[in-house]
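Asker: Let me see the structure of the following:
(one chain, ligands or ions: 1)
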Amino acid sequence: MSIVDQTRQDDILVLSINNPPVNAFSPGVPEGLKAGLDVAAADDSIRAVVIIGAGRTFVAGADIKTFNMPREQAPDLRGTVEKLDGFTKPTVAAIHGTALGGGLELALACTYRVAVPDAQLGLPEVKLGVLPGAGGTQRLPRVVGAAKGLDMMLSGNPVRATEARTLGLVDELVEGDLLTGAVAFARAHADSRPLPRISERHVEGGSPEVFAAAREGIKKTHRGQLSPSLIIDLAEMAATRPFQEGWDAEAAKFMQAKDSPQSRGLRHIFFAERESAKIPGLGKDTPVSEIRSAGIIGAGTMGGGIAMNFLNVGIPVTIVETAQEALDRGLGVIRKNYENTARKGRMTMDDVEKRMALLTPSLNMEDLADADIIIEAVFENMDVKKDIFTKLDTIAKPGAILATNTSTLDVNEIASVTGRPENVIGLHFFSPANVMKLLEIVRADKTSDSVLATSMALARKIRKVGVVVGVCDGFVGNRMIHRYGDEARKIVEEGANPQDVDASMNALGLPMGPFQMSDMAGLDIGYAIRQHQARVRGNPKPDGWLDRIVELGRKGQKTGAGIYDYDETRKPRPNAEIAQLIETYRAEKGVTPREISQEESTKRLAYSLVNEGAKILEEGIAQRAGDIDVIYIYGYGFPAYRGGPMQYASEQGLKNVVADLEKYGQTPAPLLQRLAEEGKTFADYDAEKAQPARA
Ligand code: T1G
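Answerer: This next block holds a predicted model:
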């Protein structure tokens, strides 16, 4: 089969795109489609053309990998769309799976569109920091109207074919075999003239108010991003200017968006997120077990949240506590969470009952004997965890995965108390565990390949973004955030106030700066970690300005006061006493406070993450810089349009990062030094590591 196959069904020519896995518009596809159209144009016995995707989907869009190609070498999607728009015989797009981005634009240039009911149609380009660049900004609003067109292009979310039919985006739904239905539809419309062309239609509802409202809306939903405003401008042109003018303007604005750091960041994360699911060195034939039942030990915030992930995908859970009251409380929280979701209309009360029916409470760990996986989510104390794993070793069935949800403790040490360390792994969920998508999969020294592969498959099953990390204090995410917190406290010691430090990271696009985040997580957690780390290092009890705040009993949002004061809106408000405490602290330490610019604060904080990330890479605790970026976007709110801390540093130039680290008193990691000297980026580093080892 060639990349675009031509087959005849009597008077209908069928062009079948065969470019697995998702029929992206890669080099060869435009050429094949154009060739097919030329055949159809030259042969009077061909009355209409059907375009269909082979395999599991129609066209899932332009091939994102070709975005960095020189323009003249990139697949000519616009040329193909123009050829279709001007074609003199009916063309029918036969859609199953997904018609996304350039795929939908191709379909919109066809005369007609038919689809199976569960197909998805959308223009997700904004999620890649670009915009529909092959007519989507001009055609979609002409079909679905200004408001719906803007909503689809700005959210990037697809609609099901059933809704698309209602919107007029699809002309017919095909219940049976798609190709049969599409050929029949083509034959039935072969003589219809004039051919309906979307480019000749007008946009409904394109009032100035609609575009003004959209511009207002993206200030909140897409803060700091470029492509949304370009999309609105182009949609407004569709409503107010001739098609050709909008079509031409779209090409220029597409290039502007594509060449932005934001698009490079979002495209980086698109691929990094998929790469992070691949575990180097794991054979394709590594056995992956199916997880049909789960056991959770601990029904607190984490245990309850973890349980919900399994219930949401229909996996029964036995949840164990030590006391009935704690068990009842835990189940109550789970039910309340579901009922809140139902109240928002995102699930029905029937769904709530179905999920709760899969949940079995117990006071007896023996009830976990048949679970395929058991996840411990109890108090962060090594002795408690060792005691649990010792008991689990006598209870769990052979082959069960024994996982700890510890956020920093040594998984090797936990595994050592069992007779089956190959079955022990860390599954570090992030709070709230039923919401946060990140799952750090902590590979201990003796964790077997099969347990690792099964854990990664499970992550995907429970809709988490799984990233494999190694064992060290804090693994990847928390180890970096500890350094980041150290730097943040230092910047305050030197003269900045907490709210300016937080603002310096809000300016980078993080919804919460270091102190807003600490107040939310609970200051006592950081306090305990600093105490623990001081003990491990044999240092005296730490007495930083933040420790003094905790010792006043101010533990953050949960006590209504921490670094900031909080009222019922939970909006952080600076507190004069805290400012005084910090001033007193500086005086005691003999520090003369100095003015610290927002730029300095942003660099010191962002680069403290990057520098620790470089050390983590050198130690092999993370497999890729891209994995670190995925962790920070899905676990710590780093803005996806920055691509994550490592990508952000690469965009700044690692030479500049090294110079700034030295300027602000941090010692650059050797790997960072090397890459900077070689003029490389972290993406280069990942590409080097991905190269098969030269024999
Ligand atoms: N280009 C290149 N590779 C792609 C791709 C694409 N558009 N979409 C997916 N892949 C790869 C992906 O990297 C992975 O590779 C494999 O396919 C399976 O993907 C001009 C400019 C279609 C819903 O944004 O949303 O058109 O890891 O794991 O979970 O206006 O892929 O196996 O090596 O995601 O079943 C617009 C992006 C492009 C759609 C399927 N289109 N893709 O999900 O599989 S811009 C998109 C998806 C554009 C035009 C503009 C999903 C999917 P590998 P997967 P999945």
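Asker: Run through the neighbouring helices and strands of the helix or strand of the chain with the lowest mean pLDDT.
Answerer: Scoring the helices and strands of the chain by mean pLDDT, DSSP states H and E places helix 523-536 at the bottom, with a mean of 86. Helices and strands touching helix 523-536, by 3 or more CB pairs under 8 Å, 6 or more residues apart in numbering; DSSP states H and E, are helix 477-494, helix 545-551. Where you see a C-beta, it was placed from the backbone N, CA and C, and this is true even at glycine.
Asker: Those helices into TSV, with extra columns for mean pLDDT and mean neighbour count?
Answerer: Output for these, formatted as TSV (pLDDT from 0 to 100; neighbours: other CB atoms under 10 Å):
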stretch	mean pLDDT	mean neighbour count
helix 477-494	96	21
helix 545-551	95	20
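Asker: Go through those and name the closest to Asp627.
Answerer: Smallest distance to Asp627 across those (CB to CB): 10.5 Å, for helix 477-494.
Asker: How far away from the center of its chain is that closest one?
Answerer: 25 Å (CA atoms, centre = their mean, to the nearest Å).
Asker: Beyond it, next helix or strand please.
Answerer: For helix 477-494, the following helix or strand on the C-terminal side (DSSP states H and E) is helix 498-506.
Asker: how about the residues of the stretch 151-300 of the chain near the ligand?
Answerer: 271, 274 (CB under 6 Å from any ligand atom).
Asker: returning to that earlier point: format the helices and strands packed on helix 523-536 as JSON lines; extra columns: distance to the ligand.
Answerer: Formatted as JSON lines, the helices and strands packed on helix 523-536 follow (distance: least, CB to the nearest ligand atom, whole Å):
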{"stretch": "helix 477-494", "distance to the ligand": "23"}
{"stretch": "helix 545-551", "distance to the ligand": "42"}
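Asker: To Ser289, which of these lies closest?
Answerer: helix 477-494 (26.8 Å).
Asker: closest point of the stretch 451-600 of the chain to the ligand, which residue?
Answerer: Of the residues in the stretch 451-600 of the chain, the one nearest the ligand is Arg460, at a distance of 8.7 Å by CB to the nearest ligand atom.
Asker: Show me what the helix or strand that residue falls within is packed up against.
Answerer: According to DSSP H and E, Arg460 maps onto helix 449-461. In terms of contacts (3+ CB pairs under 8 Å, 6+ apart), helix 449-461 is packed against strand 401-404, strand 424-429, strand 438-442, strand 465-469.
Asker: Now distance to the ligand and mean pLDDT too, for those, in a markdown table please.
Answerer: Output for the helices and strands packed on helix 449-461, formatted as a markdown table (distance: least, CB to the nearest ligand atom, whole Å; pLDDT from 0 to 100):
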| stretch | distance to the ligand | mean pLDDT |
| --- | --- | --- |
| strand 401-404 | 24 | 98 |
| strand 424-429 | 22 | 97 |
| strand 438-442 | 17 | 98 |
| strand 465-469 | 12 | 97 |
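Asker: Make TSV out of these and add mean neighbour count and distance to Asp565.
Answerer: What follows is these, written out as TSV (neighbours: other CB atoms under 10 Å; distance: least, CB to CB, whole Å):
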stretch	mean neighbour count	distance to Asp565
strand 401-404	27	36
strand 424-429	26	30
strand 438-442	26	30
strand 465-469	25	35
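Asker: Kindly reformat the ones you listed as JSON lines containing distance to Cys110.
Answerer: JSON lines is the format used below for the helices and strands packed on helix 449-461 (distance: least, CB to CB, whole Å):
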{"stretch": "strand 401-404", "distance to Cys110": "49"}
{"stretch": "strand 424-429", "distance to Cys110": "45"}
{"stretch": "strand 438-442", "distance to Cys110": "40"}
{"stretch": "strand 465-469", "distance to Cys110": "35"}
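Asker: looking at those strands, which is closest to Thr180?
Answerer: strand 465-469 (39.1 Å).
Asker: So which other helices or strands are in contact with that closest one?
Answerer: Using 3+ CB pairs under 8 Å, 6+ apart, strand 465-469 sits against strand 438-442, helix 449-461, helix 625-635.
Asker: Would you format these as TSV with distance to Ile616 included?
Answerer: Converted to TSV, the helices and strands packed on strand 465-469 look like this (distance: least, CB to CB, whole Å):
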stretch	distance to Ile616
strand 438-442	12
helix 449-461	19
helix 625-635	7
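Asker: so of those, which one's packed in deepest?
Answerer: helix 625-635 (a mean of 28; mean count of other CB atoms under 10 Å).
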